[in-house]
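> I need the structure of the sequence given here:
(chains A and B)
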Number of protein chains: 2
Amino acid sequence: MTAIAFAGARLDRADAIRNDPERLASLMDWRARLLRLEGLDPQIGPDGGLVWGTLADAGAGSDLVFLGLLGGKGCFAEVPPQLAGGIAPYNPALWRALASMEQEDLAIYGAARSLVDWHARHRFCARCGSTTKLTKGGWQRTCDSCKAEHFPRVDPVTIMLVEHEGNVLLGRQPRFPPRRFSALAGFVEPGESIEEAVAREIFEEAGVVIRDVTYVASQPWPFPSQLMIGCHSHADDGAITIDEHELEEARWFTRAEVAEAMTGTEDGAFIAPPPHAVAHYLLKWWLEQ
Amino acid sequence: MTAIAFAGARLDRADAIRNDPERLASLMDWRARLLRLEGLDPQIGPDGGLVWGTLADAGAGSDLVFLGLLGGKGCFAEVPPQLAGGIAPYNPALWRALASMEQEDLAIYGAARSLVDWHARHRFCARCGSTTKLTKGGWQRTCDSCKAEHFPRVDPVTIMLVEHEGNVLLGRQPRFPPRRFSALAGFVEPGESIEEAVAREIFEEAGVVIRDVTYVASQPWPFPSQLMIGCHSHADDGAITIDEHELEEARWFTRAEVAEAMTGTEDGAFIAPPPHAVAHYLLKWWLEQ
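The predicted structure is shown next:
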């Protein structure tokens, strides 16, 4: 199997250093590396990889997030005082840049993007409305007034293949490029197990009742900070009733149709999800079963 | 296998109603049921189950969260204007109450607790500091000023058994009751897969390198809103170096020691995690392998 995009960073997160202001400060010298971003997008070097500068490249008034250690050097990312833009996973220039990147760079970039974005959108205390400050090397924000501690968000999302008579259920959202189909997905809600979230989402979106949920793989997805939890399940009844607020269409595809689409052709029954998506990984896994 | 505590609500979450103010309003009549809470703790009836009232029981100035439908009736929980207390999973009176509850009641209570607690701690906009309002039946808060949308938090946590030469690694945190040992656990961070979070946590907390992570089971844990992701893994080297900030002790236990502790005895090699914890489920699963 291919590796999962956005996982596999070789960075040592060095958790102990986050909690040790002296060690953290001692890392923030001329040897430290600063990941160069344009807003939330990566700067790309001539080799197609990430670009690293020094802390001197950080703008006035920026905060620094400690990403971890790479070859013993502290690696940081910058949270500028103003951050324009936001979630734009379908920015074609960004995706061309990501497509050229090595697995390890992609993983470092993903973690940095999620963290920088979280800081930019969480400058105030949700409990009391006061300003907050970046603390613990960027793995926390602390309220200036009520001292509440806030932590970077990771939102678990289930994404699932459903199988019925050897075919697989895929759907398309209105925002997808033409003819693209992908696995159904949805956020895990408070009070649900992964298995319950899978069953609820498939029933809500496609009216299909499923059984025998199994876990396949997981992926961090930095738009803005999902944990994609890839699962497989079975349906006894293939009748589909879509939720038209969520999906434009949902269909059962044969193994041959999936195999053809996964070659990358645009002439098959549908266009497969892109290689970086965990849905792509799930379909590849399914074909190999 | 026994059921997993806090999962298994028979409530229909009726997602479509949250997004339909008219349908939601039409449910909020004299037939609607209000889950009776004391702050975040449940009121317990003479039968040991949850107590339901009507919306007339809600206090002045309270907000209502739509939990879902039960027998066609709207079920709600109350977010009072002031909510004292907070996270107290080791409140003995609460745990005695939970121990008496049926699976389905426990699951409804867990979801309600997570939601009410989230609203009480997120009255302000993290983006701009303004006040926010409960919207979409309590499945969102919307900023009065910048209109940012905020969603209830679910924090994924990995919790894992590590196996080495047929023994299992368990640790104890200083806050545990005497002689209790449990599975190691830690939050999934931005930029990590589940498997990477498992490996990082075990290495950070116990200095043990693991391989072959497999998923076992998941559990919603409402103190305040974790998604516990239970895994299993293997270690080739049994040497342990604990992180003394996190753990007081970590040890390998034999299958016989685990089997004895899981009978509930306090005279074995250690005291097992309580039945509601997913760690208990993982150990039971392990013994049955």
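> quick check: A:T132 is in a strand.
Yes. The assignment for A:T132 is a strand, going by DSSP: H, G, I helix; E, B strand; the rest coil.
> so it makes contact with A:R121?
No. Look at A:T132 against A:R121 with CB atoms under 8 Å: they stay out of range, at 11.6 Å. All C-beta spots, glycine's among them, are computed from the backbone N, C-alpha and C.
> between these two, which has more neighbouring residues?
A direct count of neighbours by other CB atoms under 10 Å in any protein chain shown for A:T132 and A:R121 places A:T132 higher, at 26 against 19.
> measure that one to B:F223 for me?
Distance, A:T132 to B:F223, using CB to CB, to the nearest Å: 23 Å.
> contacts only, for the residue nearest in space to the middle of chain A.
Closest to where the C-alpha atoms of chain A average out (CA atoms, centre = their mean) is A:W221, at 0.7 Å. Counting by CB atoms under 8 Å, 6 or more residues apart in numbering or on different chains, A:W221 makes contact with A:6, A:110, A:157, A:227-228, A:278.
> quick one: it and A:L98, what's the gap?
Taking CB to CB, one finds A:W221 at 12 Å from A:L98.
> tell me which element whatever residue of the stretch 1-150 of chain A ends up closest to chain B falls in.
Closest contact between the stretch 1-150 of chain A and chain B, by CB to the nearest CB, is at A:A111 (2.4 Å). Per DSSP states H and E, A:A111 falls inside helix A:103-121.
> and the helix or strand harbouring A:A256, C-alpha only, in CSV?
According to DSSP H and E, A:A256 maps onto helix A:255-261. What follows is helix A:255-261 as a C-alpha-only set of coordinates in CSV (Å, rounded to 0.1, in the frame of the first residue of the first chain):
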residue,chain,number,x,y,z
ARG,A,255,-15.1,-3.4,-8.6
ALA,A,256,-14.2,-3.1,-12.3
GLU,A,257,-15.5,0.5,-12.4
VAL,A,258,-13.5,1.4,-9.3
ALA,A,259,-10.4,-0.3,-10.7
GLU,A,260,-10.7,1.7,-13.9
ALA,A,261,-11.2,5.0,-12.2
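> contacts for it next, please.
A:166-168, A:253, A:268-272, A:283, A:286-287.
> switch the cut-off to 10 Å
Here helix A:255-261 makes contact (CB atoms under 10 Å, 6 or more residues apart in numbering or on different chains) with A:161, A:163, A:166-168, A:170, A:179-181, A:251, A:253-254, A:267-273, A:283-284, A:286-287, A:289.
> buried among these? Make that a PyMOL selection.
Buried members of those, identified by 16 or more other CB atoms under 10 Å in any protein chain shown, are gathered into one PyMOL selection as follows:
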select buried, chain A and resi 161+163+167+168+170+180+181+251+253+268+269+270+271+272+273+283+284+286
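> the domain parsing of chain A - what is it?
Listed by automatic domain parsing, the domain ranges of chain A are A:15-121, A:126-152, A:155-288.
> among those domains, which is nearest B:G137?
The stretch from the domains of chain A with the least distance to B:G137 (CB to CB) is domain A:155-288; that distance is 12.3 Å.
> and the closest one, end to end?
29 Å (CA to CA, to the nearest Å).
> again, but for stretch A:172-179
Termini of stretch A:172-179 sit 8 Å apart (CA to CA).
> and if you look at stretch A:123-131?
Start-to-end, stretch A:123-131 (CA to CA) is 6 Å.
> and for stretch A:13-27?
13 Å.
> ok, now which ones touch the nearest residue to A:E104 once chain neighbours are set aside?
Of all residues not flanking A:E104 in the chain, A:R10 sits nearest, at 5.2 Å (CB to CB, 6 or more residues apart in numbering or on different chains). A:R10 sits next to A:68, A:70-71, A:103-105, A:107-108 when contact means CB under 10 Å, 6+ apart.
> now for the residue in the stretch 151-289 of chain A that chain B sits nearest to: which residues touch it?
Nearest residue of the stretch 151-289 of chain A to chain B: A:G191, at 2.4 Å (CB to the nearest CB). Counting by CB under 10 Å, 6+ apart, A:G191 touches A:197, B:6-7, B:9, B:11, B:13, B:67-68, B:106-115, B:152, B:154, B:220-222, B:225, B:227.
> before we move on, the earlier item: element containing the closest residue in space to the residue of the stretch 1-150 of chain A closest to chain B that isn't next to it in sequence, please.
For A:A111, ignoring the flanking residues on the chain, the nearest one in space by CB to CB, 6+ apart is B:G191 at 2.4 Å. Secondary-structure assignment from DSSP H and E places B:G191 in no helical or strand segment.
> roughly how far does B:G191 sit from A:L83?
18 Å.
> would you list every one of the strands in the stretch 1-150 of chain A?
A:33-35, A:37-38, A:41-42, A:52-53, A:63-70, A:73-79, A:132-135, A:140-143, A:149-150 (DSSP state E, counting those that start in this stretch).
> can you redo those strands as CSV with mean pLDDT and distance to B:D47?
Compiled in CSV, the strands of the stretch 1-150 of chain A are given as follows (pLDDT from 0 to 100; distance: least, CB to CB, whole Å):
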stretch, mean pLDDT, distance to B:D47
strand A:33-35, 98, 58
strand A:37-38, 92, 58
strand A:41-42, 93, 58
strand A:52-53, 97, 64
strand A:63-70, 97, 52
strand A:73-79, 97, 53
strand A:132-135, 98, 45
strand A:140-143, 98, 42
strand A:149-150, 98, 39
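> so can I have TSV of those strands showing distance to chain B?
Shown next, in TSV, are the strands of the stretch 1-150 of chain A (distance: least, CB to the nearest CB, whole Å):
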stretch	distance to chain B
strand A:33-35	12
strand A:37-38	14
strand A:41-42	14
strand A:52-53	17
strand A:63-70	9
strand A:73-79	11
strand A:132-135	8
strand A:140-143	9
strand A:149-150	7
